[in-house]
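# sequence first, predicted coordinates after that:
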Amino acid sequence: MSTETNKTIVQRFLSEVWDSRGNLDAIEELTASDYIPHSVLPHLPQNREGDKQFAAMYRTAFPDIQATIEKMVAEDDYVSVHFTGRATHLGEFAGVPATGRSVTISGIGLYRLRDQKIVEAWVFSDQMGLMQQLGAMPGQR
């Protein structure tokens, strides 16, 4: 599979699931049946269902989220993404009631693909910075 095809699949995954469309069914379509999202919360299953629950949690708190891909690099079966998300805090998140604040969060993701499906994902974002923007931690921005 070409690196360009892999990049297109990951780009579609991010835009369908994490952008304002919020199409959680795309997780089933774009991931393999043995998909492992390594970065979901520890109490969630490390599979498609856990990823859906994780995405739904974010989408409830930040329903207008817009994800921008800043840089995408692909090599062999891997795609790396640097992204920025912008949203409004309109629902409870991590015990913090809706604040109405606009937030920006940046992060990176590494995706492994096989047969035009995502089989593993590692996504890390600035959660401390997000909590500071929500006023839930010292150092509020």
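Sure, I can see it.
# strands along the chain, start to end?
Here the chain has its strands, by DSSP state E, at 31-37, 66-75, 78-88, 102-114, 117-125.
# so where's the protein uncertain?
Low-confidence segments of the chain, defined by pLDDT under 70: 1, 20, 140-141.
# which strands and helices lie in contact with the helix ranked longest in it?
Taking DSSP state H as the criterion, the chain has its longest helix at helix 48-61. Here helix 48-61 touches helix 25-30, strand 31-37, going by 3 or more CB pairs under 8 Å, 6 or more residues apart in numbering; DSSP states H and E. Bear in mind the C-beta positions are built from the backbone N, C-alpha and C, glycine included.
# which non-adjacent residue is nearest residue 10?
Take residue 10 and drop its neighbours on the chain: the residue closest to it by CB to CB, 6 or more residues apart in numbering is residue 79, 4.4 Å away.
# residue 94 versus the one you found, what's the distance?
28 Å (CB to CB, to the nearest Å).
# more neighbours: which of those two?
Neighbour count, other CB atoms under 10 Å: between residue 79 and residue 94, residue 79 has more, with 24 against 12.
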